[in-house]
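Colleague: I would like the atomic coordinates for the input below:
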Amino acid sequence: MCSTESISLRLARLRSKYSWHHVTVFILTFISYALFHTTRKAFSNIKPTLSEEWCPSFHNKSVGELKPDWLWNDRHFQTSVTGSEPFLGLLDSLFMISYAVGLFISGFIGDRYNMRLVLSFGMCSSAIIVFVFGTLTEWLHVYNEAFYIVMWIVNGLLQSTGWPTVVAIMGNWFGKSSRGLIFGIWSANASVGNIIGALLVSSCLHFGYDYSMLVPSFALFCGGIVMFFGLVCSPMEVGLPDPNAEEPDCEQLIKDDYEEMSDEFKDYIDDDSSLAVPSTTEQQQTGCLESLKCFVRAIFLPGVLIYSLAYACLKLVNYALFFWLPFYLSNTFNWSNEVADDISIFYDVGGIIGGILGGFISDRINKRALVITPMLLVSFGALFAYTVSPRDYTSNAVLLAVAGVFIGGPANLISSAISADLGQQKSIKGDDRMLATVTGIIDGTGSAGAAIGQNLVPLIQQNWNWHSVFYFFILMLFLTVVCLLPALIKEIRSLCRRQTPQYDGPFSPRTILS
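Modeller: Modelled structure (predicted):
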């Protein structure tokens, strides 16, 4: 009887805490960022086709008599498939650099303007850029390096509006006490978008790579329209309570106590500027300076620098696999582009599984680094095993999924759940705007590392081979573990203090020091 009542009480609390508005916001924000990644994955998976399309077509002499080479290949601007790889790497690098810069800017804009408008504008405008880049240029036979570079830089800036805004909106609805399994499941949006993008490309590529970019861009544009009319950024907009208000706000408690004090005690407190409550005029005059201080303060919050540097190394590997995996499969095993796209999906499937399992376990033990670090250590062996994968569909898919669990899983946790942890820690003291800022710093630093990787991958591959590229990935995973060591040691010490009984006898350290 008691257990039945306990279960019913828990269900009643869940129903009272979460409404259909919460489910709608979860689904819409999930879909919005998944659509962003759909367009990115589409470009990644059409790279082999782009290399062939951008390069001269070699034909026999009979065709050459009918159509001279200069006329047949006048619209191509790359000399060979090998020569196009550095340019594709440059596009990826410039995209990640502009994306990293845009994350810092978008976090600032999202905190000060309507996040629904920022997100909708980013989705629709990015869809137009992707359409022009991948579809319209092919239809009009326009091939120009400078044009491609400008378009992809602008696309990186526009796509950066997605992550800070959706994380902040999720934070508004689910609050500080709901970041565990919910954020673990929600962070699979990027992997789901990658899977959708790969499936769309494999189904449309036989019509031409222009249609493989047309369908994702159209879906992204339609998604932006849906977000504009259907997304609610805050529960207060529909008359629901703020989930963050469930926990006491230290600054508001100080102000309430200040109003209840006697006039004599107020005068005493006002003599100390550190205790006095600032006036509204003073807050407005120092608004710009406080914004800068807030940004600098976010950088030096406990754990932010550690996880930012770790994520820079980890995202380099994660995004290098994201951008180059179909190209690697197609060139190494001589598989068709459709088969390479289908096999690359299993890396994202592993990332989804790893993110959910890692988030669940870390919630149970209330430790993040203690779960992520062992996963990364296992990733060394998983990635090395993949380098010797046979030319077999099943073996390749299984090894890719295992690598995704131990590489993509930790990446999803750092970018979502851990960013929420660091953006809402106790030292912030109720500053709700810090969440988007911390998220932008961590993801922006990670994107900067990923941008460097996009230039290094083709250089290493051309000068050595693909095995050297994977050894480089293992080195970066090792550096990720090194960056996480301070957080890991701190969590181990905290766990030991919790489990070790305290001795308060006459010869205990506490007694001697006292």
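Colleague: what sits against the closest residue to residue 139 other than its chain neighbours?
Modeller: In this structure, residue 139 finds its nearest non-sequential neighbour in residue 210, 6.4 Å apart by Cβ to Cβ, 6 or more residues apart in numbering. The way it works is simple: take the backbone N, C-alpha and C, and place the C-beta from them, glycine included. By Cβ atoms under 8 Å, 6 or more residues apart in numbering, the residues touching residue 210 are 134, 135, 138, 139.
Colleague: quick check: mean pLDDT across stretch 192-208?
Modeller: Mean pLDDT, stretch 192-208: 87.
Colleague: Same check on stretch 220-238?
Modeller: Mean predicted confidence for stretch 220-238 is 91.
Colleague: what's in contact with it?
Modeller: By Cβ under 8 Å, 6+ apart, stretch 220-238 touches 21-22, 24-25, 28-29, 31-32, 35-36, 38-39, 114-117, 119-124, 126-128, 130-131, 169, 172-173, 241-243.
Colleague: From the residues you listed, list just the buried residues.
Modeller: The neighbour-count test (16 or more other Cβ atoms under 10 Å) marks 22, 25, 28-29, 31-32, 35-36, 38-39, 115-117, 119-124, 126-128, 130-131, 169, 172-173, 243 as buried among the contacts of stretch 220-238.
Colleague: Give me the spatial nearest neighbour of residue 322, chain neighbours excluded.
Modeller: That would be residue 44: by Cβ to Cβ, 6+ apart, it lies 6.3 Å from residue 322.
Colleague: For the one you found, pull up the helix or strand it's in.
Modeller: Using DSSP states H and E, residue 44 falls within helix 20-45.
Colleague: Check which element follows that helix along the chain.
Modeller: helix 47-54.
Colleague: Check which helices and strands that following helix sits against.
Modeller: Where contact means 3 or more Cβ pairs under 8 Å, 6 or more residues apart in numbering; DSSP states H and E, helix 47-54 is packed against helix 81-112, helix 209-230, helix 304-332, helix 337-365.
Colleague: For the first one, list every residue counted as buried.
Modeller: It refers to helix 81-112. Quick answer for helix 81-112 (16+ other Cβ under 10 Å): 84-85, 87-104, 106-111.
Colleague: Give me the distance from it to the chain's centre.
Modeller: 13 Å (Cα atoms, centre = their mean, to the nearest Å).
Colleague: tell me what it is packed against?
Modeller: Applying 3+ Cβ pairs under 8 Å, 6+ apart, one finds that helix 81-112 contacts helix 47-54, helix 115-131, helix 145-159, helix 162-174, helix 304-332, helix 434-463.
Colleague: and the gap between residue 230 and residue 151?
Modeller: Note on residue 230: its distance to residue 151, by Cβ to Cβ, to the nearest Å, is 29 Å.
Colleague: before we move on, back to that, so what's the residue nearest to residue 322 up against?
Modeller: Contacts of residue 44 (Cβ under 8 Å, 6+ apart): 197, 322, 323, 324, 325, 326, 327.
Colleague: count of residues packed around the residue lying closest to the fourth one once chain neighbours are set aside?
Modeller: Once its chain neighbours are removed from consideration, residue 324 has its nearest residue in residue 457; the separation is 5.6 Å (Cβ to Cβ, 6+ apart). Burial measure for residue 457: 27 neighbouring residues, criterion other Cβ atoms under 10 Å.
Colleague: Might one say that residue 349 is in contact with residue 401?
Modeller: Yes - using Cβ atoms under 8 Å, residue 349 is in contact with residue 401, at 5.6 Å.
Colleague: so for the longest helix along the chain, what's the average pLDDT?
Modeller: Ordering each helix of the chain by length in residues (DSSP state H) puts helix 466-499 first. Averaged across helix 466-499, the pLDDT comes to 91.
Colleague: Now do the buried residues in it.
Modeller: Result for helix 466-499 [16+ other Cβ under 10 Å]: buried residues 466, 469-470, 472-474, 476-477, 479-481, 483-484, 487-488, 490-491.
Colleague: Tell me where the model's unsure across the stretch 101-250 of the chain.
Modeller: 111, 175-180, 244-250 (pLDDT under 70).
Colleague: ok, now the stretch 301-450 of the chain?
Modeller: In the stretch 301-450 of the chain, residues with pLDDT under 70: 424, 426-433.
Colleague: make it 80
Modeller: Applying pLDDT under 80 to the stretch 301-450 of the chain picks out residues 323, 337-338, 341, 363, 420-421, 423-437.
Colleague: Contacts only, for residue 90.
Modeller: Here residue 90 is in contact with 149, 454, 455 (criterion: Cβ under 8 Å, 6+ apart).
Colleague: Number of residues surrounding the last one?
Modeller: Here the neighbour count serves as a burial measure; for residue 455 (other Cβ under 10 Å) it reads 17.
Colleague: Now do the contacts for it.
Modeller: So residue 455 contacts 89, 90, 93 (Cβ under 8 Å, 6+ apart).
Colleague: Please repeat the previous calculation with a cut-off of 10 Å.
Modeller: 86, 89, 90, 92, 93, 94, 96, 97 (Cβ atoms under 10 Å, 6 or more residues apart in numbering).
Colleague: What is the nearest of those residues to residue 143?
Modeller: residue 90 (15.4 Å; Cβ to Cβ).
Colleague: Give me the nearest residue to residue 332, chain neighbours excluded.
Modeller: residue 466 (6.0 Å).
Colleague: Let me know the distance separating that neighbour from residue 388.
Modeller: Counting by Cβ to Cβ - residue 466 and residue 388 are separated by 12 Å.
Colleague: Equivalent analysis for residue 218, please.
Modeller: For residue 218, the distance to residue 388 - Cβ to Cβ - is 41 Å.
Colleague: what's around residue 393, how many residues?
Modeller: 13.
Colleague: what's near enough to touch it?
Modeller: 333, 335, 339, 342, 343.
Colleague: Which of those sits closest to residue 311?
Modeller: Nearest member of the contacts of residue 393 to residue 311, counting by Cβ to Cβ, is residue 343, at 26.5 Å.
Colleague: Might you report the residue contacts of the residue nearest the centre of the chain?
Modeller: What sits nearest the mean C-alpha location of the chain, by Cα atoms, centre = their mean, is residue 415, with 5.1 Å. Residues in contact with residue 415, defined by Cβ under 10 Å, 6+ apart, are 163, 167, 183, 187, 190, 307, 311, 314-315, 318, 355, 439, 442-443, 446.
Colleague: Swap in 6 Å and give it another go.
Modeller: residue 443 (Cβ atoms under 6 Å, 6 or more residues apart in numbering).
Colleague: Could you measure from the residue nearest to residue 33 when sequence neighbours are not counted over to residue 196?
Modeller: Of all residues not flanking residue 33 in the chain, residue 189 sits nearest, at 4.5 Å (Cβ to Cβ, 6+ apart). Distance, residue 189 to residue 196, using Cβ to Cβ: 10 Å.
Colleague: again, but for residue 215
Modeller: For residue 215 relative to residue 196 (Cβ to Cβ), the value is 10 Å.
Colleague: what do you get for residue 438?
Modeller: 29 Å.
Colleague: What count of nearby residues applies to residue 141?
Modeller: Around residue 141 there are 8 other residues, counting by other Cβ under 10 Å.
Colleague: Nice, that's everything, thank you.
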